[in-house]
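Participant: Fold the following, please.
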Amino acid sequence: MSETTPSTSFAHIRRYIFLGLFTLIPIWLTLLLTAAILDFINDMAAPVLNWLTAGIEPDESLYRIANAPAFRTTVSLCILLLGLYTVGLLASRWLGQKLLGLLDAIVKRVPIVNTIYKTLKRLTEAMQSNSDDFERVVLIEFPSKSMKTVGLVTKTFKDTNTGRELAAVYVPTTPNPTSGYLEIVPVENLVPTNWKIDEAMSFIISGGADVPGTIQYDNPTSEENGKQTRRP
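Facilitator: Sure thing, here's the model as predicted:
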């Protein structure tokens, strides 16, 4: 029989404590993020909810139902979806486009806010466009030639002097993909992937733990050029 020593017992306990910790962290973060989103939605819809329940007396049974967290959250989500639908419908109509144009003109006169608004608007427009540019997930050499990182091609354009085709590549950071770097990379240096945006985001947020089914590290064009160069 093997004898259990205090050191092995401590190692056993420590192992399962860390296993439990790393098991609960993703669940806890998901619940935390969900709670923050629901709180935000409830705060946004609170004035409407208060107006809808203003005529209900506190001693009525309907008052308890109307103030139950589950009921208020459900109504808040419905109000949010209805609001988004209304904004989208208006934005596709002549009147809505005129109002958005007026809003753009006002925001453009506000320092600092103008820059942030313009940047976010261009990014969302790129995401809504039918172009494959933004949906192209690539690998680029970053931060050095011996390493590669995942990037999203947001735009392609040409060098004014040479006509060389370039790409604006957004490099998200781990685990928060909303912050990152913008790199200008020659198109021939991009390593294409067949990843979808959600697969790339999952890979980034998980710190590389959730790897898509296929990955191509080297650029096929570069490999062919290298073989041709090495031929005698």
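Participant: Grab the longest helix from this protein for me.
Facilitator: Longest helix of the chain, by residue count under DSSP state H: helix 6-52.
Participant: Determine how far that helix lies from the middle of the whole chain.
Facilitator: With CA atoms, centre = their mean, to the nearest Å as the basis, helix 6-52 stands 19 Å off its chain's centre.
Participant: for that helix, packing partners?
Facilitator: The elements that helix 6-52 packs onto, with contact taken as 3 or more CB pairs under 8 Å, 6 or more residues apart in numbering; DSSP states H and E, are helix 69-91. Backbone N, C-alpha and C define where each C-beta goes, glycine included.
Participant: Pull out the buried positions in the helix it packs on.
Facilitator: Residues 72, 75-76, 79 are the ones in helix 69-91 that count as buried (16 or more other CB atoms under 10 Å).
Participant: Pull up the pairing partners for the lengthiest strand in the chain, direction included.
Facilitator: In the chain, with assignment by DSSP state E, the single longest strand is strand 148-158. Using DSSP bridges, the strands paired with strand 148-158 are strand 136-141 (antiparallel), strand 165-172 (antiparallel).
Participant: Tell me how far the shortest one lies from the chain's centre.
Facilitator: The chain centroid and the centroid of strand 136-141 are separated by 17 Å, computed with CA atoms, centre = their mean.
Participant: what does it rub up against?
Facilitator: Strand 136-141 is touched from outside by 147-153, 167, 169, 171, 183, 185, 189-193, 195-197, 199-200, 216-217, with contacts defined as CB atoms under 8 Å, 6 or more residues apart in numbering.
Participant: Of these, select the buried ones using a ChimeraX command.
Facilitator: Filtering these down to the buried ones (16+ other CB under 10 Å) takes a single ChimeraX command:
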select :148,149,150,151,152,153,167,169,171,183,185,189,190,191,193,195,199,200
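Participant: Now for this protein, the helix or strand with the poorest mean pLDDT.
Facilitator: When each helix and strand of the chain is scored by mean pLDDT, DSSP states H and E, helix 220-230 comes last, with a mean of 49.
Participant: for T214, helix, strand, or coil?
Facilitator: coil (DSSP: H, G, I helix; E, B strand; the rest coil).
Participant: That one contacts K196, correct?
Facilitator: No. T214 is not in contact with K196 according to CB atoms under 8 Å; the separation is 11.7 Å.
Participant: low pLDDT regions in the protein?
Facilitator: Applying pLDDT under 70 to the chain flags residues 1-7, 55-63, 119, 122-135, 220-232.
Participant: Mind doing that once more with 50?
Facilitator: Where the chain drops to pLDDT under 50, the residues are 1, 225-232.
Participant: Domains in it, by residue range?
Facilitator: By the assignment in automatic domain parsing, the chain contains the domains 8-93, 136-213.
Participant: Would you work out how far apart the start and end of stretch 157-165 are?
Facilitator: Taking CA to CA, to the nearest Å, the first and last residues of stretch 157-165 lie 6 Å apart.
Participant: Show me how far that stretch is from its chain's centre.
Facilitator: Centroid displacement of stretch 157-165 relative to its chain, using CA atoms, centre = their mean, is 30 Å.
Participant: ditto for stretch 192-212
Facilitator: Counting by CA atoms, centre = their mean, stretch 192-212 comes out at 12 Å from the chain centroid.
Participant: do the same with stretch 107-125
Facilitator: 19 Å.
Participant: Now distance to T23 too, for the strands paired with strand 148-158, in TSV please.
Facilitator: Below are the strands paired with strand 148-158 laid out as TSV (distance: least, CB to CB, whole Å):
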stretch	distance to T23
strand 136-141	29
strand 165-172	26
